[in-house]
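Participant: structure for this input, please:
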Amino acid sequence: MSIRKAVFPAAGLGTRFLPATKAQPKEMLPIVDKPIIQYGVEEAVSSGLDEIIIVTGRNKRAIEDHFDISFELEYFLQKKGDMDLLKQVREISELATVYYIRQKEPLGLGHAVLVTKEIVKDEPFAVVLSDDLIVSEVPCLKQMINIYERYKCSVIAVERVPKEEVKNYGIIDGKELENGLYQITDLIEKPSLEEAPSNLAIVGRYILTPEIFNMLEKVKPGRGGEIQLTDGLKLLLDKEAIYAYEFKGKRYDTGNKLGFLIASVELALSREDIGKIFKEYLRNINLDK
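Facilitator: Prediction:
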């Protein structure tokens, strides 16, 4: 069965970006001129997925408005004759079929995935954490779908991180089958350096079989009453194989302020319209003022 659906958990409170996120979803913070979540949706669409399921919470209405038609704006741009901007605005609402479902409380990533069960149904699907903005020649999800089509099992994106950072990630242990592809033997959520079996960290892209829903229903809530996706994957590992894939591309962690700023600068520099001028500005900036 081909993969058509991508789940985007977007119900978090965005506390690391307060006060900017007090009344605005963190997923709508722009990298240059595009909201973070749109980069992820475009990656999914470029990978051949045409149904987007966004898990929202209170104060997330701006996400729904962004992917909807804006009659007033389109009318204004058409009347003004700004056809380039009109085209960009229309393309956003035409990207894919978008569904929304509420996660009434932020009870963990596993719970956010679980609430989509009735929409995903009995299909393999993708999960995209839009905080992880990935730039690559071949979309990261497309790379992972290619692996899924070979093995028909869940695939998790991983990236090597400095050893001192393993405590911040889910870490996998596994048998390397070929360069960059592993069959997972264990997953550990945020281990100490001594406990970590590797420095292969799970990042925000997953291809999952529908059996994950049955596993998440069995997971016991942990700290804060949260259901962790990693715990569901550990149970799934007893039922079927799971693979880890070191994707080709560059990941920006826009979920923290430094990563957000780095992504903003580097993606701005890559732009044809402003990159050259911005690079010149950075070269001449006087930090001593």
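Participant: residue contacts, residue 178?
Facilitator: By CB atoms under 8 Å, 6 or more residues apart in numbering, no residues touch residue 178. Where you see a C-beta, it was placed from the backbone N, CA and C, and this is true even at glycine.
Participant: bridging across strands, which residues link to it?
Facilitator: Assessed by DSSP bridges, residue 178 has beta-bridge partners residue 181.
Participant: quick one: it from residue 130, how far?
Facilitator: Going from residue 178 to residue 130 by CB to CB, to the nearest Å gives 29 Å.
Participant: likewise for residue 29?
Facilitator: Residue 29 is 10 Å from residue 130, by CB to CB.
Participant: if you count neighbours, what's buried in stretch 33-49?
Facilitator: Under the neighbour-count criterion of 16 or more other CB atoms under 10 Å, stretch 33-49 has 35-45, 47, 49 buried.
Participant: residues in contact with it?
Facilitator: For stretch 33-49, contacts defined as CB under 8 Å, 6+ apart pick out 2-6, 8, 10, 25-31, 52, 54, 63, 66-67, 92, 95-96, 126, 128-131, 133-134, 139-142, 145, 254.
Participant: need the buried ones from these selected in ChimeraX.
Facilitator: Buried residues within those, by 16+ other CB under 10 Å, are selected in ChimeraX with:
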select :3,4,5,6,8,10,25,26,27,28,29,31,52,54,63,66,67,92,95,96,126,128,129,130,131,133,134,139,140,141,142,145,254
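Participant: run through the stretch 1-150 of the chain and note the low-pLDDT ranges.
Facilitator: Along the stretch 1-150 of the chain, the model assigns pLDDT under 70 to residues 1.
Participant: next one: phi and psi at residue 190?
Facilitator: Backbone torsions for residue 190, taken as degrees, to the nearest 10, come to phi 50, psi 60.
Participant: count the neighbours of it for me.
Facilitator: Neighbours of residue 190 under the rule other CB atoms under 10 Å: 15.
Participant: correct me, but it touches residue 196?
Facilitator: No: applying CB atoms under 8 Å, one finds residue 190 not in contact with residue 196, separated by 9.4 Å.
Participant: between these two, what contacts are shared?
Facilitator: residue 167.
Participant: excluding its backbone neighbours, what's nearest residue 15?
Facilitator: Excluding the flanking residues, the one nearest residue 15 by CB to CB, 6 or more residues apart in numbering is residue 21, at 7.4 Å.
Participant: contacting residues for that neighbour?
Facilitator: When contacts are counted by CB under 8 Å, 6+ apart, residue 21 touches 13, 14, 15, 29.
Participant: quick one: buried ones out of these?
Facilitator: Taking 16+ other CB under 10 Å as the criterion, what is buried in the contacts of residue 21 is 14, 29.
Participant: and which of the contacts of residue 21 is nearest to residue 220?
Facilitator: Using CB to CB, residue 13 is the member of these that lies nearest residue 220, at 23.5 Å.
Participant: what segments of the stretch 1-150 of the chain are strands?
Facilitator: For the stretch 1-150 of the chain, the strands defined by DSSP state E, counting those that start in this stretch occupy 5-9, 30-31, 34-35, 51-56, 97-102, 125-128, 132-135.
Participant: contacting residues for the residue nearest the centre of the chain?
Facilitator: Central residue of the chain (CA atoms, centre = their mean): residue 129, 2.2 Å from the mean position. Residue 129 makes contacts with 8, 9, 40, 109, 203, 204, 205, as judged by CB under 8 Å, 6+ apart.
Participant: which one of the residues you listed is nearest to residue 153?
Facilitator: Relative to residue 153, and with distances defined as CB to CB, the nearest of those is residue 205, at 15.3 Å.
Participant: next, the closest one: secondary structure please.
Facilitator: strand (DSSP: H, G, I helix; E, B strand; the rest coil).
Participant: residues near the closest residue to it other than its chain neighbours, how many?
Facilitator: Counting by CB to CB, 6+ apart, residue 205 lies nearest to residue 157, which is 3.8 Å off, once chain neighbours are set aside. Residue 157: 26 surrounding residues under other CB under 10 Å.
Participant: and the helices in the stretch 51-200 of the chain, which stretches?
Facilitator: Here the stretch 51-200 of the chain has its helices, by DSSP state H, counting those that start in this stretch, at 61-66, 71-80, 83-93, 109-114, 117-120, 140-151.
Participant: out of those, which comes closest to residue 212?
Facilitator: helix 109-114 (7.0 Å).
Participant: list of residues touching the closest one?
Facilitator: Under the contact criterion CB under 8 Å, 6+ apart, helix 109-114 has outside partners 7, 9, 11, 55, 103, 106, 127, 129, 208, 212-213, 216-217, 219, 226-232.
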